[in-house]
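*Asks:* Requesting a structural model of the entry that follows:
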Amino acid sequence: GNNPSSSTSTAQYNVAVGIDALGAVTTGDRNTASGYAALNLNTTGNKNTASGSTALYSNTTGRYNTASGADALYKNTTGEYNTASGSAALFSNTEGDYNTAIGTTALYKNTTGRYNTASGAYALYKNTTGEYNTAIGYGAGEIITTGSNNTIIGNQANASVSSAVNQIVIGYGASGTGNNSVSLGNTDITSIKGQVNFSTYSDERIKRDIQDSKLGLAFINKLRPVTYKLKNPADYPDEILEDRFSSFPGSGPNLQRAVRPEDNETVYNGLIAQEVKETIDELDVDWSGWSENDSDGKQSVQYGALTVPLIKAIQEQQKMIDDQKEMIQRQGEMITNLTNEEISIEESVKEINDNLNDQTGTIYVLSSSDNGKVVTLNNESPIIVTIPIELGDGFNCKMVQKGLGQVTIQAASGVNFVNRSGKTTTEGKYATISVINIGSEQYILSGDTGS
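*Replies:* Numbering: from 1, shown residues only. I've put the predicted structure just below:
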């Protein structure tokens, strides 16, 4: 092999093949240099392997490095335990340790970053000081410079920003959405499937400040379910357009591989994230099911997170139903007692004579003073009784047609009848009708109602 420089003192077990290979070695041992100027400046560094023109050219004291390819680990001086395979892989690394770069110019700009793994041409190309990053695929993670703890898998997959932290991005052309997040697939993806349901940790031991949720029926009632078709991702507005379509149609970077996807004609069911946000703001509540990307502001809805407010809504609705059932049952018992065959209608009227409100006109409007009373309506002509608003929840009275004039009960504006039969007139003379306000200006009419 090529004879090391005259500065060699005690260096041993070295192999140098090529002009200026291991040209400056002094005491470094067990180095192997193959190629022009490989490990040229190495002095005391040991157990290094350089294969290729100027591979590990600048290494001085760095140890346990492996460089395969022209200019691989070219600027490395003191960095240790690095592996670079490919032309100019880890080219700029000086002091970074425990890095692995496989592919042309992979981790090209890395200087002091450590514990990075890049597999694919241009993978983690711009990383300088970022650590603990893993990128697999052509150009994967190329945007990252100082970010750390990221995992990027896929051709041209990338984090959201150069300083990204703990982002997982998987898929061709997929983009990160923010730190501490997982992104799967690009905008061409139409479904994500698995054999079993995805489970979310819900262990009480990992939670704090536990309180009953206030999101329920009011929240659900304001949501607007819609059907829709997805836009072609090549037609997205600029602020959310993927890089692969940024010059489409034209001659931008990588455009030779950019193909306009076919329009997706599938009809989907869902919500509009912007409308959900408006509802959250209107109700002044927080809901973890809505989110917005840090990178481009694209809004998302976690449909699975709707389960909790839906459960709460059903519980609230069931309580309303139970309360109404109980009230109707009490009213039914009252009606049964009043229509008992052993007590005639006339005797019933006599027993509550002290609470009678006897009306002889043809028009009457109930008032709060009628609460708990029996209103008798005695006229030979038809009679109209109006139920106004604000009589109060729980208001109840009985009305009796004493004369021949049929009684018609009508609701003022804001009052609603919810009785099952839908009839609002008396059956005939001595017909008795009960009127009950079950809350929120809703009234039940029951008894001897006719057509």
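*Asks:* all strands for the stretch 351-451 of the chain, in order.
*Replies:* Applying DSSP state E, counting those that start in this stretch to the stretch 351-451 of the chain gives strands spanning 356-359, 363-365, 374-377, 383-387, 396-401, 407-411, 416-417, 425-426, 432-437, 442-447, 449-450.
*Asks:* in the second one, what's buried?
*Replies:* Using 16 or more other CB atoms under 10 Å as the burial criterion, the residues of strand 363-365 that qualify are residue 364. All C-beta spots, glycine's among them, are computed from the backbone N, C-alpha and C.
*Asks:* So which residues of the protein form helices?
*Replies:* Secondary structure of the chain by DSSP state H: the helices cover 217-222, 273-283, 307-338, 345-351.
*Asks:* outside of the second one, which residues touch it?
*Replies:* Think helix 273-283. With contact meaning CB atoms under 8 Å, 6 or more residues apart in numbering, helix 273-283 is reached by 218, 219, 222, 223, 224, 286, 287, 289, 290, 299, 300, 301.
*Asks:* Drop anything exposed from these.
*Replies:* By 16+ other CB under 10 Å, the contacts of helix 273-283 give 218, 219, 287, 289, 290, 301 as buried.
*Asks:* Would you confirm that the fifth one contacts residue 306?
*Replies:* No: in this structure, residue 290 is not within contact of residue 306 by CB atoms under 8 Å, at 10.6 Å.
*Asks:* picking that back up, same list (the buried ones among the contacts of helix 273-283) but as CSV, adding distance to residue 12 and pLDDT.
*Replies:* Formatted as CSV, these follow (distance: CB to CB, whole Å; pLDDT from 0 to 100):
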residue, distance to residue 12, pLDDT
218, 82, 94
219, 77, 95
287, 69, 94
289, 67, 94
290, 67, 95
301, 67, 95
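*Asks:* picking up where we left off before, which one among the contacts of helix 273-283 gets closest to residue 74?
*Replies:* residue 300 (43.6 Å; CB to CB).
*Asks:* I'd assumed residue 294 was in contact with that closest one.
*Replies:* No: here residue 300 lies out of contact with residue 294, judged by CB under 8 Å, at a distance of 11.9 Å.
*Asks:* Roughly how far does the most centrally placed residue in the chain sit from residue 215?
*Replies:* Ranked by distance to the mean C-alpha position of the chain (CA atoms, centre = their mean), the top residue is residue 302 at 3.6 Å. From residue 302 over to residue 215 the distance is 13 Å, taken as CB to CB, to the nearest Å.
*Asks:* And residue 143, by the same measure?
*Replies:* Relative to residue 215, and taking CB to CB, residue 143 is found at 37 Å.
*Asks:* Check residue 208 too.
*Replies:* Taken as CB to CB, the span from residue 208 to residue 215 is 19 Å.
*Asks:* what about these two, which has more around it?
*Replies:* Counted by other CB atoms under 10 Å, residue 208 and residue 215 do not tie: residue 215 has more neighbours, with 22 against 6.
*Asks:* Select from the strands of the stretch 351-451 of the chain the stretch with the lowest mean pLDDT.
*Replies:* Lowest mean pLDDT within these: strand 449-450, a mean of 84.
*Asks:* Give me the contact list for that strand.
*Replies:* Strand 449-450 has contacts (CB under 8 Å, 6+ apart) with 406, 419, 421, 423, 424, 425, 426, 427, 428, 431, 433.
*Asks:* Filter those residues down to just the buried residues.
*Replies:* Looks like those have 406, 419, 423, 424, 425, 426, 427, 431, 433 buried, using 16+ other CB under 10 Å.
*Asks:* and which of those is nearest to residue 65?
*Replies:* Among the buried ones among the contacts of strand 449-450, and counting by CB to CB, the member closest to residue 65 is residue 419, at 88.3 Å.
*Asks:* Go ahead and confirm that closest one touches residue 447.
*Replies:* No: in this structure residue 419 lies outside contact range of residue 447 using CB under 8 Å: 9.7 Å.
*Asks:* re earlier: quick one: which of the contacts of helix 273-283 is nearest residue 72?
*Replies:* Using CB to CB, these come closest to residue 72 at residue 300, 41.8 Å.
*Asks:* In contact with residue 55, which residues are there?
*Replies:* 33, 35, 38-39, 67-74, 84.
*Asks:* pLDDT for the residues you listed - can I get that in a markdown table?
*Replies:* Formatted as a markdown table, the contacts of residue 55 follow (pLDDT from 0 to 100):
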| residue | pLDDT |
| --- | --- |
| 33 | 96 |
| 35 | 96 |
| 38 | 96 |
| 39 | 95 |
| 67 | 97 |
| 68 | 97 |
| 69 | 97 |
| 70 | 97 |
| 71 | 97 |
| 72 | 97 |
| 73 | 97 |
| 74 | 97 |
| 84 | 98 |
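*Asks:* taking the residues you listed one by one, which sit in strands?
*Replies:* 33, 67, 68, 84 (DSSP state E).
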